[in-house]
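Participant: Below are the sequence and a predicted model for it; my questions follow.
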Amino acid sequence: MSDAVIVLTTWPAARDADELARTLVDERLAACVNVLGEMRSTYRWKDAVEVETERQLIIKTTGRQLQALQQRLSALHPYELPEFLVVPVAGASEGYLAWLQLST
């Protein structure tokens with residue numbers, strides 16, 4: 001098992017997700033952020049079912065950056081409770097892991 005992790009979060013489609021991605025990479029909180037195309041999300045929030053158009057962001061980072069990433073994402077995110085799901089990485093190439101460490 002490596003120190004590499006993937007963080008999943010959603011972002012409102014009407015907002016500039018590329019700007020957020022650039023900020024996280026510029027600040028070395030992420031080595032890479034993939035911004036996926038628009039999707040419809042259906043979820044329960046405050047006892048009501050909501051439907052929103054969002055984008056999924058896939059953030060590649062390290063365990064040592066998780067706390068700072070979560071704080072920064074919370075500060076920049078328009079949602080009251082942003083998605084922040086951490087997925088451990090297993091089986092990555094040594095070269096990719098070295099690049100990830102160097103980039104964060």
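Facilitator: Alright, I've got the coordinates.

Participant: Help me confirm that V51 comes into contact with T42.
Facilitator: Yes: checked against Cβ atoms under 8 Å, the pair V51 and T42 is within contact range at 5.0 Å. The way it works is simple: take the backbone N, C-alpha and C, and place the C-beta from them, glycine included.

Participant: so what's in contact with the two at the same time?
Facilitator: Overlap of the contact sets of V51 and T42 (by Cβ atoms under 8 Å, 6 or more residues apart in numbering) is empty.

Participant: Quick one: residues contacting the spatially most central residue of the chain.
Facilitator: Residue closest to the mean C-alpha point of the chain, counted by Cα atoms, centre = their mean, is I59 at 3.9 Å. I59 sits next to 6-9, 24, 30, 32-33, 69 when contact means Cβ under 8 Å, 6+ apart.

Participant: just those now: which is nearest A98?
Facilitator: C32 (14.0 Å; Cβ to Cβ).

Participant: The closest one: neighbour count?
Facilitator: The number of residues packed near C32 is 16, by other Cβ atoms under 10 Å.

Participant: circling back: most surrounded residue in the contacts of I59?
Facilitator: Within the contacts of I59, neighbour counts (other Cβ under 10 Å) peak at A30, which reaches 26 neighbours.

Participant: For that one, which three-state class applies?
Facilitator: Secondary structure, DSSP: H, G, I helix; E, B strand; the rest coil: A30 is coil.

Participant: State the distance from it to I59.
Facilitator: 5 Å (Cβ to Cβ, to the nearest Å).

Participant: and if you look at D47?
Facilitator: 30 Å.

Participant: Show me what the helix or strand bottoming out on mean pLDDT in the chain is packed up against.
Facilitator: In the chain, the helix or strand scored least confidently by mean pLDDT, DSSP states H and E is helix 94-103, which has a mean of 94. If contacts are counted by 3 or more Cβ pairs under 8 Å, 6 or more residues apart in numbering; DSSP states H and E, helix 94-103 sits against strand 4-12, strand 48-62.

Participant: Since that was my last question, I'll sign off now.
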